[in-house]
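> Here's a sequence, model it:
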Amino acid sequence: MPLTLSALQHRTLAVFMEKAFTTPEQYPLTINALVAGCNQKSNRDPVTSHTESDVVNALQELMHMQLVKSTPSQPGARANRYEHCVTAKFPWAPHEQAMLCELLLRGPQTVGELRTRASRMVHIGDLQTVQNTLDALGANDPPEVLVMPRSAGKSVVRYRHNFYLEDEVPQDGVPVRTSTGATTSASHPAPDPDLLARLNDLETRVAALEDRIHSPTDT
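Model (predicted):
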């Protein structure tokens, strides 16, 4: 049975996954840290302003799904802490976790964007490594990643996770699944491989610049 999560549930779960990679010294997370992570201004799309009550409800729902658990209280601790347990339910390697985390945090993205953004959590090789990972996740049953049709005038496709509720699926196109993870469709011929590589490299550079612009002053 496929995993389905509401927008706040997948934001909350992704914050746990992200912080386990990026700030291990502050992990597991308190409720305050979790709320701050959900409403963080950098590395999020959309930026949100969820209340503590909203996040606690999502946390309890994720605990019921056995995707998050509380951790034993430390002597002198003033707040309970929580951690994700997706690795106990899904056989995701670290680089797969990082890419899925980015898709959960920011929605549909290109191969170039995912390479840049997931690299802040784990080492990601070249663009082909990202493509191979997306293809593998898309080949699972049920697929965990789907390729989106190319938008009008665009040569590079985007990918999305497959954990949306039915009424929250991105509305900018109907997802397309292919057995090989190919990014072509009947209405869009495959672009020249060299051109695609250059476009992906450009998008990687743009994504890196955007992240550098927004990250220093954000929470």
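
> From here on, just use CA atoms for contacts and neighbour counts.
Will do.

> how about stretch 77-90: buried residues?
Neighbour-count burial for stretch 77-90, counted by 16 or more other Cα atoms under 10 Å, picks out 81-86.

> Over to stretch 160-176?
Here stretch 160-176 shows 160-164, 169, 175 as buried, counting by 16+ other Cα under 10 Å.

> swap in stretch 107-122?
Going by neighbour count (16+ other Cα under 10 Å), the buried part of stretch 107-122 is 107-118, 121-122.

> Let's see which of these end up in helices.
111-118 (DSSP state H).

> between these, which is closest to Met17?
Ala118 (11.6 Å; Cα to Cα).

> Need the pLDDT of that closest one.
Note on Ala118: pLDDT of 98.

> that older thread, now render the buried residues of stretch 77-90 as TSV, adding pLDDT, secondary structure and distance to Gly37.
Output for the buried residues of stretch 77-90, formatted as TSV (pLDDT from 0 to 100; DSSP: H, G, I helix; E, B strand; the rest coil; distance: Cα to Cα, whole Å):
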residue	pLDDT	secondary structure	distance to Gly37
Arg81	97	coil	14
Tyr82	98	strand	13
Glu83	98	strand	13
His84	98	strand	14
Cys85	97	coil	18
Val86	96	helix	18
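
> Might you list the low-confidence residue ranges for this structure?
For the chain, the stretches with pLDDT under 70 are 1, 76, 172-219.

> for stretch 153-164, how far is the first residue from the last?
Stretch 153-164 has an end-to-end distance of 26 Å (Cα to Cα, to the nearest Å).

> so how many other residues sit close to the residue lying closest to Pro142 once chain neighbours are set aside?
Nearest residue to Pro142, sequence neighbours excluded (Cα to Cα, 6 or more residues apart in numbering): Pro2, at 6.0 Å. Pro2 is flanked by 11 other residues according to other Cα atoms under 10 Å.
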